[in-house]
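Enquirer: Kindly return the folded structure for what I paste below:
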Amino acid sequence: LVENCTFEEVTYLLQNGQLPTQSELDAFAQGLRSRRELPQGVIDFLKTAPKDASPMDVIRTGVSMLGLTDHRAKIGEPDHAANREVALSIVAQIPIIVAKALISQPSALTSLKRLTSSTSLTAKSQAKRRHAHWTSLTSFTLTTA
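Expert: Now for the predicted structure:
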């Protein structure tokens, strides 16, 4: 599955129980792109997080902050449609948080490069696909920062 499907296809599969048709994938991917924008408070945190902080701590805190700003899902009031929308927003925003955290954490980029240079050929081709995906996200974050 990982070698033959995109992030968006797998996300669609997890949400809907089946792989999308091309038109479903196009609509789903556009929906994720429309949800990528981060709240200003999360952006401010990512810019000011300590440079020596663990990248995972920065990412975890950024994701946690999303819950402080998204008021669509209410505690104690199960609303599956609202929960689905919140989940899709989180799925769309996490890669942006990761990209921004990596941009601001030079040690994390060094570790990522070291990891991808010491992996098998199959893993390297997967890493190249992920790198291309992250590059497109990074260019998105730089233009919206």
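
Enquirer: Tell me where the protein is predicted with low confidence.
Expert: For the chain, the stretches with pLDDT under 70 are 106-145.

Enquirer: what about the helices in this protein?
Expert: For the chain, the helices defined by DSSP state H cover 7-16, 22-34, 40-48, 55-69, 80-104, 106-117, 121-144.

Enquirer: looking just at contacts, which helices and strands does the shortest one meet?
Expert: In other words, helix 40-48. helix 55-69, helix 80-104 (3 or more Cβ pairs under 8 Å, 6 or more residues apart in numbering; DSSP states H and E). In short, each C-beta sits where N, CA and C put it, glycine included.

Enquirer: Any figure for the gap between the residue nearest to A49 when sequence neighbours are not counted and L66?
Expert: Nearest residue to A49 in three dimensions, chain neighbours excluded: V58, at 4.7 Å (Cβ to Cβ, 6 or more residues apart in numbering). Separation of V58 from L66 (Cβ to Cβ, to the nearest Å): 14 Å.

Enquirer: Mind checking which of those two has more residues around it?
Expert: Applying other Cβ atoms under 10 Å to V58 and L66 shows that V58 carries more neighbours, namely 23 against 18.

Enquirer: Isn't the more buried one up against T48?
Expert: No - using Cβ atoms under 8 Å, V58 makes no contact with T48, being 10.4 Å away.

Enquirer: For K74, see how far away the residue sitting nearest the centre point of the chain is.
Expert: For the chain, the residue nearest the mean C-alpha position is P95 (1.8 Å; Cα atoms, centre = their mean). Separation of P95 from K74 (Cβ to Cβ) stands at 26 Å.
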